[in-house]
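S.K.: Structure of the sequence below:
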Amino acid sequence: MDANHYKAFTGKGRRRRHTQMSEINVTPFVDVMLVLLIVFMVTAPLLTVGVPLELPSSKAATVQGNDEPLVISVDGEGRLYLEDVEIELVNLVPKLRAVTGAKQDQRIFVRGDTNVSYGRVLSVMGEIHNAGFKRVAMISAGPGKAASGAQQDNN
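M.R.: Below you'll find the predicted structure:
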């Protein structure tokens, strides 16, 4: 055999028929981003405070702030929740001090169900206020909104 036949069997001396593509295919990347967007859009409303309440409505404007407030909820049966953990009224102030690090300027939102007695909500707010926390606010549903309005407590 001569040298030309040898090159044909080994692949040496052949020209490449296909050149490599140097472009990035962004279609799979866009597909993944759209799926993630849909997942986050579906799960974001589920990340609200976990105690379901029927809040009273109010015409008050929304209170804006930079720090994340603590939320205390009183359900229709009078049970008390710090964020979404049930707690007794006598344990509320020590837990608040532990969570806030005794920071007296921490914003605290009190949510009371429409069916709970006014006295129960006031006793909770009184305990918080007597403990030295001055930035206590009540949450209401607002006109046509779900738990977005707040009124500042001036007591």
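
S.K.: ok, for Glu77, nearest residue in space, not its chain neighbours?
M.R.: Closest residue in space to Glu77, ignoring its immediate chain neighbours: Val116 at 7.7 Å, by C-beta to C-beta, 6 or more residues apart in numbering. To be clear about C-beta, it is placed using only N, CA and C from the backbone, and glycine gets the same treatment.

S.K.: wait, the one you found sits on Tyr81?
M.R.: No. Val116 is beyond contact range of Tyr81, at 11.9 Å (criterion: C-beta atoms under 8 Å).

S.K.: Need the single longest helix in the chain, by residues.
M.R.: Longest helix of the chain, by residue count under DSSP state H: helix 27-43.

S.K.: what helices or strands is whatever helix or strand Ser73 lives in leaning on?
M.R.: Assigned by DSSP states H and E, Ser73 belongs to strand 70-74. Contacting strand 70-74 under the criterion 3 or more C-beta pairs under 8 Å, 6 or more residues apart in numbering; DSSP states H and E are the following elements: strand 80-82, helix 92-100, strand 108-112, helix 118-130.

S.K.: for the ones you listed, which one ends up most surrounded?
M.R.: Highest mean neighbour count among the helices and strands packed on strand 70-74 (mean count of other C-beta atoms under 10 Å): strand 108-112, with a mean of 22.

S.K.: Now do that strand, average pLDDT.
M.R.: Strand 108-112 shows a mean pLDDT of 87.
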